[in-house]
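Q: give me a model of this one.
(one chain, ligands or ions: 1)
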Amino acid sequence: MGADTLEARDLHVRAGSFPAVRGVSAPFRAGQFAAVIGPNGAGKSTLLRALLGLNLPEAGEVRLSGRPLREWPRAERARRLAYLAQGEALPLDARVRDVVALGRGAGEWRWGLIPTRPWTRADEDAVTDALTRTDTLGFEHRRVAELSGGERQRVSLARALAGQPRFLLLDEPTNHLDLAYGLEVIRHARCEAAGGLGVIAVLHDLNLAARADWLLLLHGGRALAQGTPEEVLTPANLHAAYGLQARVMRDAGRLIVIPED
Ligand SMILES: Nc1ncnc2c1ncn2[C@@H]1O[C@H](COP(=O)(O)OP(=O)(O)OP(=O)(O)O)[C@@H](O)[C@H]1O
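A: Next up, the predicted model:
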């Protein structure tokens, strides 16, 4: 696989002493919204962190644009891969635009605050663009403390986008959000992928995951299935992964997963 890919190759990763990811191979592409699903403890977060180079693999490797991740200079890697961690807190007293501006710092700002290069017009434009794309420009001068949970999540998204990454990795971005806000985050993720970004999101809600282009279903650290939602969200796969009976229906072109009691 070549340009604009992030690829796990027979990846084995430990979380602490636990073998959390056991031989996962998966291709992620720019321009695609991929969701990583699976039950609690399946290894989703560990895989995501390994794709970012935060967890070093015990065996196998991650390749970014065909080149092993470990060979990329840290700053280059940080520019290409953006990460929105689970439950990431924003500074409450900071203003939205300033928080999003921090996203321009990857690899170039020390301590997150002291620029090691001059702030340019291109930086300012990238911040405005990220605010616009996440519908947060309208409250750019408000403080984070004044925002709802859904609005804060969009600001986090804007901060990640401000660095103009090639891949955006999101760990449970819809957690603690109500149905409408959850859908909004997914809508933004889809939109960014349509614009050329590679989006990889760990999701628990299978009905949100059904809106992704491509799914990776993990179970016990292994890839149980990968492919389109139609290929992955089958009653047999859901039973194997979650141990539950589920009906999978189609409505207005979308898959709907209904777990049975
Ligand atoms: N630091 C650690 N030490 C030991 N075991 C760990 C550590 N971190 C994670 N694990 C274990 O590794 C496995 C995979 O964890 P991981 O967080 O990647 O799963 P997950 O699929 O993201 O789970 P969840 O959906 O609950 O967030 C789990 O069984 C977890 O208990």
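
Q: what about the closest residue to Glu231 other than its chain neighbours, how many residues close to it?
A: Sequence neighbours aside, Ala225 is the residue nearest to Glu231 in space, at 6.9 Å (criterion: C-beta to C-beta, 6 or more residues apart in numbering). In short, each C-beta sits where N, CA and C put it, glycine included. Residues near Ala225, counting by other C-beta atoms under 10 Å, number 20.

Q: now Ala225, which residues is it bridged with?
A: Ala225 has these beta-bridge partners by DSSP bridges: Leu217.

Q: my guess is Leu169 contacts Leu47. True?
A: No. Taking contacts as C-beta atoms under 8 Å, Leu169 lies outside contact range of Leu47: 9.8 Å.

Q: one step back: what sits against the residue nearest to Glu231?
A: The contact partners of Ala225, taken as C-beta atoms under 8 Å, 6 or more residues apart in numbering, are 215-217, 231-232, 234, 237.

Q: now, which of those residues lie within strands?
A: Judged by DSSP state E, these include 215-217 as members of strands.

Q: who wins for most neighbours among these?
A: Busiest of the ones in strands among the contacts of Ala225 [other C-beta under 10 Å] is Leu217, holding 28 neighbours.

Q: can you tell me the residue of this protein closest to the ligand?
A: Using C-beta to the nearest ligand atom, Gly16 is the residue of the chain that sits closest to the ligand, at 2.1 Å.

Q: state the distance from that residue to Asn55.
A: 10 Å (C-beta to C-beta, to the nearest Å).

Q: now do Leu81
A: 13 Å.

Q: do the same with Ala94
A: Taking C-beta to C-beta, one finds Ala94 at 29 Å from Asn55.

Q: show me which helix runs longest in this structure.
A: Secondary structure assigned by DSSP state H gives helix 179-194 as the longest helix of the chain.

Q: average pLDDT for the helix or strand following it?
A: Next helix or strand after helix 179-194 toward the C-terminus (DSSP states H and E): strand 198-202. The pLDDT scores in strand 198-202 average 97.

Q: quick check: buried residues in strand 198-202?
A: Across strand 198-202, burial judged by 16 or more other C-beta atoms under 10 Å covers 198-202.

Q: tell me the strands beside that strand, with direction?
A: strand 33-37 (parallel), strand 167-171 (parallel).

Q: most tightly surrounded among these?
A: Stretch with highest mean neighbour count among the strands paired with strand 198-202: strand 33-37 (a mean of 27; mean count of other C-beta atoms under 10 Å).
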